[in-house]
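Q: A predicted structure for the sequence below; I have some questions about it.
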Amino acid sequence: MAEYLIKNGFVFDPVLGIRGDKADIAIKDGKIVETTAVKSPKVIDAAGKTVMAGGVDIHAHVAGPKVNVGRNFRPEDKLFGYKPKSGIERMQGGFSVPTTIRTGYNYARMGYTTVMEAAMPPLYARHTHEEMRDTPILDQGAYPVFGNNWFVLEYLKNHEIENTAAYIAWLLRATKGYAVKVVNPGGTEAWGWGLNCENVHDPVPYFDITPAQIIKGLIEANEYLGLPHSMHMHANNLGNPGNYTTTLDSFRLSEGIKPNSKFGRDQVMHHTHVQFHSYGGDSWANVDSRAKEIMDYVNSHDNITIDMGQVTLDETTTMTADGPFEHHLTELNHLKWANVDVELETGSGVVPYVYSPGIKVCAIQWCIGLELALLAKDPMRIFMTTDHPNAGPFIRYPRIMKWLMSQDARNQQFDAFKHKDKVIEATNLAGIDRELGLYEIAQMTRAGPAKSLGLAHMYGGLAPGLEADVAVFDFNPNEPYAPDDIEKAFSSAEHLFKTGVQVIVDHEIASNGNKRTLWVNAKVNENPQVMRDVKEKFLRYYTVTLNNYEVAGHHYVPNPYVIEVDATQ
Amino acid sequence: METVTLTIKDQPGLYLEADNITPDAFAGKKAEEIADLHVYVGREQYRLGDFFEVSGKAGATAEETKIVVNGDLSRVKYIGMKMTGGEVVVNGNADMYVGAWMQGGKITVNGNVDSFAGTGMKGGEMVINGNAGNYLGAAYRGDWRGMAGGKITVTGNAGSDLGTFMTGGEIVVGGDVDVHVATHAEGGKIVIKGNAKRRLGGQMVEGEIYVFGNIDVMMPGFAYREDVDIDSDGIKGRFALYEGDLGERHRKRKGQPIYAKLYQRIAA
């Protein structure tokens, strides 16, 4: 493989602790190496430019059945948005639910190289992998959902952690999944009865278990296995005024639990898209920001990581395994609604949504996401996401950077709100003058998520031995710049390397890369009971047989990267 | 106002996608520059001048530009798409999407238009001196935002599905219409001087339909309220007033639900 030397760039790297100093980065055999280790490298002149590791997105919805439902039922999302094939680039389309091809290219343009699909219904794992396979450039993994799974509900009702862990290990292997995802624990199953679980102590109908038991049990099973990532949670009561108390109740379930993982993470719970979970008030008329209460908790408990779920004020497509929430949303906006029940496992809904700067609640949501990031004491534990496409399309990450890095940019947005004064009154953002720097951005988009995922040995930094995922942006942090320059520069990487392959050259996509699918193979002791339960449930309840279930072989995962975990004792 | 005249000289083998035939695209250009604007046939790109004789010159802005298109344009799509001002006169039959997403100015078609004319129209005026196809003034596939403003007048008949998801503006049809009128409309006004068939106002939340002739089958979701006399905007006579679609949600004003209104003339 070709050797590269990226010379004289302003490097921002939390792993090496470099805060914008000039440094050279060397690449050999797909890895970052010491600069002395390259003999006759191709030299990239990065003088006056910003150099960072490839971005790592811990939470996005970019592949799988609900993403595809979004594509199918929103032809208007593709109207006027097509880009014909040119050079190495294949045809692209779509805005909030882009085609797989556009997903890969657009992430790469922003300097991202690793993206995790945040909710995979196990029954549709094959479809999810087919879409990931067709997404160029990016390394990807997918989180199967467990929070409403009948096996899990039945085992955890009796607090059978070992059986839960054995089932998780089996399902991760069967679906080639990466982590334990939980969406509205118990609530999506309750939705099958037309009900919901809004609090952590609301009983799940029929199963006689509460969300609190599910959450705590899954954290314990996750640590029993020692998985690279922690339990990854979308809590109950998403998007409802007053829900910050549910969020704090959910956080508290992690108290006293220590991480058991040899992958270097410090958290036992990652709570996702916290913006949607930080509302005060008791109706949309008096909803306000409780980002301070939330961040007080997060700042003082280091076994939790979170991501933002930043509203970007766009027209987008919401999609989640939180079926009851999507019903709530369609009652609110009367647009299209799709709803699916995934047999014994989960459910989902899809609804288009317009976050308008003219609507007070949307503006408050915009403030809350930014407050979470700006009130964070440790940017290694709060990550930039939009919960793509739920709070906005991922292509807005550079715009979020602009808002985080510039109070002027935030003030411009405040001035564009129709209900500016009411929004300022209901939130804290106008009183926050903090402006993040590129080092903190690198923590929130690279080093932090990589560490939380248990992938700090591969991604998130530029230390020798890490994967050679490197982005060069045409941005000089030492020259004066306007806020919009940030968005422009970080929307279009000048050069991008993915495992040592240069996939962007002079802002142009030059290669479709050598994308890999990450999955976790957890070895556990033989568990005849769980295997018998699996066979029995498939015979009695599933519409498919076990033979039609497993994601096997070269077809679905042509380029796997398997992370081995040994939980046999 | 300056005038540009386009006369079709070669019919395309497939269909011509000519969304550049607008006062906005022509503004400030001479005939040669206009002939250089691109059109698509299938996936191949051509010049406008490959298919049209171009004469005259455009005004400095869209408002000061008039375009006259002559010949058989039944294989030319998107004439006047997204135009914001000025005028387009089409002397012949045109294909789909005439005046789609139009925001201002005026389009006159002296002939028939195919489907999707005035899709997502926001403003301006379109006069069709002939018949219109299906989906006149409707929403794009999947979209919930149909015609929002402006006025479409058809002297002849119109096809099915006109005014789907309409939220504002006005459509006047001189002749008859086919099935599905104002489906899921949340505003706007539709006047049908001839006869209508079935499914008028299905899922309609707000807005008005006036029918001068017969209705084959009334939607069960519409309830007869009273007879009313109307004399406004060229609509004269005694009409039976129906309200609906009762199966839909309806917002309230001063505690009273607002229904879509369907008027059928019972006497001149």
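A: Right, received. Where do you want to start?
Q: Now the residue in the stretch 151-300 of chain A that chain B sits nearest to: closest residue in space, sequence neighbours ignored.
A: Closest residue of the stretch 151-300 of chain A to chain B, C-beta to the nearest C-beta: residue A:284 (15.9 Å). Placement of C-beta: from N, CA and C, glycine included. In this structure, residue A:284 finds its nearest non-sequential neighbour in residue A:361, 5.6 Å apart by C-beta to C-beta, 6 or more residues apart in numbering or on different chains.
Q: how many other residues sit next to the residue of the stretch 351-500 of chain A found nearest chain B?
A: Per C-beta to the nearest C-beta, residue A:352 is where the stretch 351-500 of chain A lies closest to chain B, at 7.9 Å. Burial of residue A:352 is recorded as 26 neighbouring residues (other C-beta atoms under 10 Å in any protein chain shown).
Q: Over to residue A:34?
A: Residues near residue A:34, counting by other C-beta under 10 Å, number 12.
Q: What's the per-residue pLDDT of it here?
A: For residue A:34, the model assigns a pLDDT of 97.
Q: Let me see the backbone angles for residue A:255.
A: When read as degrees, to the nearest 10, the backbone of residue A:255 gives phi -60, psi 140.
Q: That one contacts residue A:301, doesn't it?
A: Yes - because the distance of 7.3 Å satisfies C-beta atoms under 8 Å, residue A:255 is recorded as touching residue A:301.
Q: the more surrounded of the two?
A: residue A:301 (15 against 12).
Q: In contact with the nearest residue to residue A:436 once chain neighbours are set aside, which residues are there?
A: Sequence neighbours aside, residue A:404 is the residue nearest to residue A:436 in space, at 4.6 Å (criterion: C-beta to C-beta, 6+ apart). Residues near residue A:404 by C-beta atoms under 8 Å, 6 or more residues apart in numbering or on different chains: A:370, A:373-374, A:384, A:435-436, A:441.
Q: how close does residue A:404 sit to residue A:506?
A: If you measure residue A:404 against residue A:506 using C-beta to C-beta, to the nearest Å, the figure is 28 Å.
Q: what does residue A:247 give?
A: Look at residue A:247 and residue A:506: by C-beta to C-beta, they are 45 Å apart.
Q: Mind checking which of the two has more residues around it?
A: Between residue A:247 and residue A:506, counted using other C-beta under 10 Å, residue A:247 has the larger neighbour count: 26 against 8.
Q: List the contacts of the more buried one.
A: A:235, A:237, A:271, A:274, A:277-278, A:294.
Q: Then residue A:28?
A: Residue A:28 neighbours (C-beta under 8 Å, 6+ apart): A:1, A:3, A:37-38, A:41, A:468, A:500.
Q: List the beta-bridge partners for it.
A: residue A:31 (DSSP bridges).
Q: Just the pLDDT for it.
A: Model confidence at residue A:28 (pLDDT) stands at 97.
Q: Quick check: residue A:387 touching residue A:273?
A: Yes - counting by C-beta under 8 Å, residue A:387 touches residue A:273, with 3.9 Å between them.
Q: which residues are common contacts for these two?
A: By C-beta under 8 Å, 6+ apart, the residues touching both residue A:387 and residue A:273 are A:59, A:307, A:309.
Q: Pick the one among these closest to chain B.
A: Closest to chain B, out of all of the shared contacts of residue A:387 and residue A:273 and judged by C-beta to the nearest C-beta, is residue A:309, at 24.8 Å.
Q: any idea which helix or strand carries the closest one?
A: Assessed by DSSP states H and E, residue A:309 sits outside every helix and strand.
Q: And for residue A:142?
A: Counting by DSSP H and E, residue A:142 is found in strand A:139-144.
Q: how about the residues of the stretch 101-250 of chain B near chain A?
A: Within the stretch 101-250 of chain B, the positions adjacent to chain A are B:140-144, B:249 by C-beta under 8 Å from any C-beta of the partner chain.
Q: show me where the stretch 401-550 of chain A has helices.
A: Secondary structure of the stretch 401-550 of chain A (DSSP state H, counting those that start in this stretch): helices located at A:407-416, A:420-426, A:438-442, A:448-452, A:483-491, A:528-540.
Q: pLDDT and distance to chain B added to the contacts of residue A:28, as JSON lines?
A: Formatted as JSON lines, those follow (pLDDT from 0 to 100; distance: C-beta to the nearest C-beta, whole Å):
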{"residue": "A:1", "pLDDT": "75", "distance to chain B": "36"}
{"residue": "A:3", "pLDDT": "97", "distance to chain B": "40"}
{"residue": "A:37", "pLDDT": "97", "distance to chain B": "48"}
{"residue": "A:38", "pLDDT": "96", "distance to chain B": "44"}
{"residue": "A:41", "pLDDT": "97", "distance to chain B": "41"}
{"residue": "A:468", "pLDDT": "98", "distance to chain B": "37"}
{"residue": "A:500", "pLDDT": "97", "distance to chain B": "36"}
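Q: Top of these by number of neighbours, please.
A: Within the contacts of residue A:28, most neighbours by other C-beta under 10 Å means residue A:468, with 26 neighbours.
Q: Reformat the contacts of residue A:404 as CSV; add neighbour count and pLDDT.
A: CSV is the format used below for these (neighbours: other C-beta atoms under 10 Å in any protein chain shown; pLDDT from 0 to 100):
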residue, neighbour count, pLDDT
A:370, 24, 98
A:373, 27, 98
A:374, 22, 98
A:384, 28, 98
A:435, 15, 98
A:436, 19, 98
A:441, 25, 98
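Q: Let's see which of these end up in strands.
A: Assignment to strands by DSSP state E places none of these there.
Q: And those, which two are furthest apart?
A: A:384 and A:435 (15.1 Å; C-beta to C-beta).
Q: ok, how many other residues are close to residue A:36?
A: Residue A:36 has 7 nearby residues by other C-beta under 10 Å.
Q: Name the residue closest to the centre of the chain, please.
A: As the question left the chain open, I've gone with chain A. Residue closest to the mean C-alpha point of chain A, counted by C-alpha atoms, centre = their mean, is residue A:59 at 0.6 Å.
Q: that's the other chain; I wanted chain B
A: Centroid check for chain B by C-alpha atoms, centre = their mean gives residue B:118 as the closest residue, at 3.4 Å.
Q: Distance check, that residue against residue B:107.
A: Applying C-beta to C-beta to residue B:118 and residue B:107 gives a distance of 9 Å.
Q: Residue A:159 now?
A: Taking C-beta to C-beta, one finds residue A:159 at 71 Å from residue B:107.
Q: repeat for residue A:316
A: Distance from residue A:316 to residue B:107, by C-beta to C-beta: 33 Å.
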